[in-house]
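Asker: Need a 3D model of the following:
(one chain, ligands or ions: 3)
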Amino acid sequence: RYAFFPGEPRWPEGHRDLTYAFNPETDITDEIRSVFSRAFDRWSNVTPLTFELSTSPYLADITIGFFNGEHGDGEPFDGILGTLAHAFSPPSGRFHLDAAESWVVDGDVTRSASLAAIDLESVAVHEIGHLLGLGHSSVVESIMYPAITSRTKKVELHSDDIMGIQYLY
Ligand code: TQI
Ligand code: ZN
Ligand code: ZN
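Answerer: Ligands and ions are numbered 1, 2, ... in the order given. Alright, predicted model coming up:
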């Protein structure tokens, strides 16, 4: 079943139209932008929340960036596999991805040549759940279940994810 962070933090009532921006130091392609846009849409489809791309990482509620190793928050990335990404509970809005992963942005991850290939959209949907206040679920099929295998794609919200997010919003 779904879970929350201690104290059930969430984006406040008067702040349901959220903006997100990419760290300007990373080169973000149109394909990467559309992966994140699809991932945010999955959550906005089932909540009163909206997500709009902003060009200013200083003003945006949510900032997204790819980093290698130590990147200033005391939770260094570890190279290929291991930790893939992390996101902090509301209202932090920080969403970091390990630049060392073999991210599959476009195309079929299940047919990737790399055994370590990780589907970017699958990780984005999971991390956005954390950004909105969901912890890990015990339901194996849910997006918030804490396991992902390389070369798999899991992007559809499960009824357990939807019940969890609709409790918060
Ligand atoms: N990153 C962990 C995660 O997002 C970070 C983490 C560990 C965490 N414990 C936490 C975040 C508790 C919030 C609360 O779960 S990860 C998965 C999953 C990771 C893991 O790189 O290990 C996904 C990233 F769920 F599949 F295990 C994406 Cl989808
Ligand atoms: Zn970080
Ligand atoms: Zn997680």
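Asker: residues touching the residue nearest to residue 141 when sequence neighbours are not counted, list them.
Answerer: Counting by CB to CB, 6 or more residues apart in numbering, residue 141 lies nearest to residue 158, which is 5.1 Å off, once chain neighbours are set aside. In short, each C-beta sits where N, CA and C put it, glycine included. Residue 158 sits next to 139, 141, 142, 143 when contact means CB atoms under 8 Å, 6 or more residues apart in numbering.
Asker: Now, of those residues, which are buried?
Answerer: 139, 142, 143 (16 or more other CB atoms under 10 Å).
Asker: The second one and residue 2 touch, don't they?
Answerer: Just to be clear, that refers to residue 142. Yes - the pair residue 142 and residue 2 passes the contact test of CB atoms under 8 Å, sitting 7.2 Å apart.
Asker: Just the closest of the contacts of residue 158 to ligand 1, please.
Answerer: The shortest approach to ligand 1 among those belongs to residue 143, at 7.3 Å (CB to the nearest ligand atom).
Asker: Over to stretch 104-120 now: how far is its first residue from its last?
Answerer: 6 Å (CA to CA, to the nearest Å).
Asker: Would you mind pulling the contact partners of that stretch?
Answerer: 29, 31-32, 35, 80-81, 84, 97, 101-103, 122, 148, 150-155.
Asker: With stretch 43-50 instead?
Answerer: 11, 16-18, 51, 125, 128-129, 132, 157, 162, 165-166, 169.
Asker: model confidence over it, on average?
Answerer: Confidence over stretch 43-50 (mean pLDDT, whole number) is 98.
Asker: Which of the residues in that stretch are classified as buried?
Answerer: Applying 16+ other CB under 10 Å to stretch 43-50 flags 43, 44, 49 as buried.
Asker: contacts with ligand 1 among these, please.
Answerer: Applying CB under 6 Å from any ligand atom, the subset of the buried residues of stretch 43-50 adjacent to ligand 1 is empty.
Asker: Relative to ligand 2, which of those residues is nearest.
Answerer: residue 43 (20.8 Å; CB to the ion).
Asker: Secondary structure class of the closest one, three-state.
Answerer: helix (DSSP: H, G, I helix; E, B strand; the rest coil).
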